[in-house]
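>>> coordinates only, sequence not included:
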Ligand SMILES: Nc1nc2c(ncn2[C@@H]2O[C@H](COP(=O)(O)OP(=O)(O)OP(=O)(O)O)[C@@H](O)[C@H]2O)c(=O)[nH]1
């Protein structure tokens, strides 16, 4: 039973008892769907190493969902063990845009992921480039993970020294990731 079917019954105003039953059934079905979705999601997050989170630039709700998903990823995985890409899709729908590029960029900075705005409908190449960029980074992360611990420490120390030299080590500095509209 879908929620809109339950509300149509309301409009008719008949058989209140039946309506009560339908509404509670619909509610239960929704709760179940959410639980199922989250259960499955948890499994995917557990084994995944690279994640693409997509929202539509013309749908604020999808942007909030993307935000939640990135939050769950950050909670469930260690930062150095996965790579993520935030994709703002449907950039061709400029007239009905609800999320600006800066909002997407800000969210990607908050969660340290790559960010691109694309239009799957208009330009397949853009989507492809974004995925390639994610895979490149995911491969580098895997290679780094495979290095012996001593070598890994060496890499960290070198980047720390470089950071100190170029004054990029203050806490307020957030790492800027590649991002553009493609
Ligand atoms: N204008 C435009 N439409 C798109 C774009 N990408 C997908 N669509 C359309 O959006 C609709 C939903 O696309 P789906 O591929 O079914 O994606 P979905 O994840 O089910 O997305 P939603 O139904 O929007 O939640 C379809 O009608 C697509 O043709 C895009 O970049 N631009």
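Yep, that arrived. As the structure is a prediction and not an experimental result, all values here were calculated from the model.

>>> ramachandran angles for residue 42?
phi -60, psi -40 (degrees, to the nearest 10).

>>> which residue sits closest to it, ignoring its sequence neighbours?
Ranked by CB to CB, 6 or more residues apart in numbering and with sequence neighbours excluded, the top spatial neighbour of residue 42 is residue 76, at 7.3 Å. From N, CA and C alone the C-beta is placed, and that goes for glycine too.

>>> do the same with residue 45
Nearest non-adjacent residue to residue 45, counting by CB to CB, 6+ apart: residue 76, 5.0 Å away.

>>> in the chain, which helix or strand is least confident?
helix 3-12 (a mean of 36; mean pLDDT, DSSP states H and E).

>>> which other helices and strands does the helix or strand hosting residue 125 contact?
Here residue 125 sits within helix 124-146, counting by DSSP states H and E. Packing partners of helix 124-146 (3 or more CB pairs under 8 Å, 6 or more residues apart in numbering; DSSP states H and E): strand 50-56, strand 83-89, strand 114-117.

>>> now tabulate these in CSV and tack on mean neighbour count, mean pLDDT and distance to the ligand.
Shown next, in CSV, are the helices and strands packed on helix 124-146 (neighbours: other CB atoms under 10 Å; pLDDT from 0 to 100; distance: least, CB to the nearest ligand atom, whole Å):
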stretch, mean neighbour count, mean pLDDT, distance to the ligand
strand 50-56, 19, 96, 6
strand 83-89, 25, 96, 5
strand 114-117, 22, 97, 10
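
>>> in TSV, list those along with distance to residue 64.
Formatted as TSV, the helices and strands packed on helix 124-146 follow (distance: least, CB to CB, whole Å):
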stretch	distance to residue 64
strand 50-56	8
strand 83-89	13
strand 114-117	16
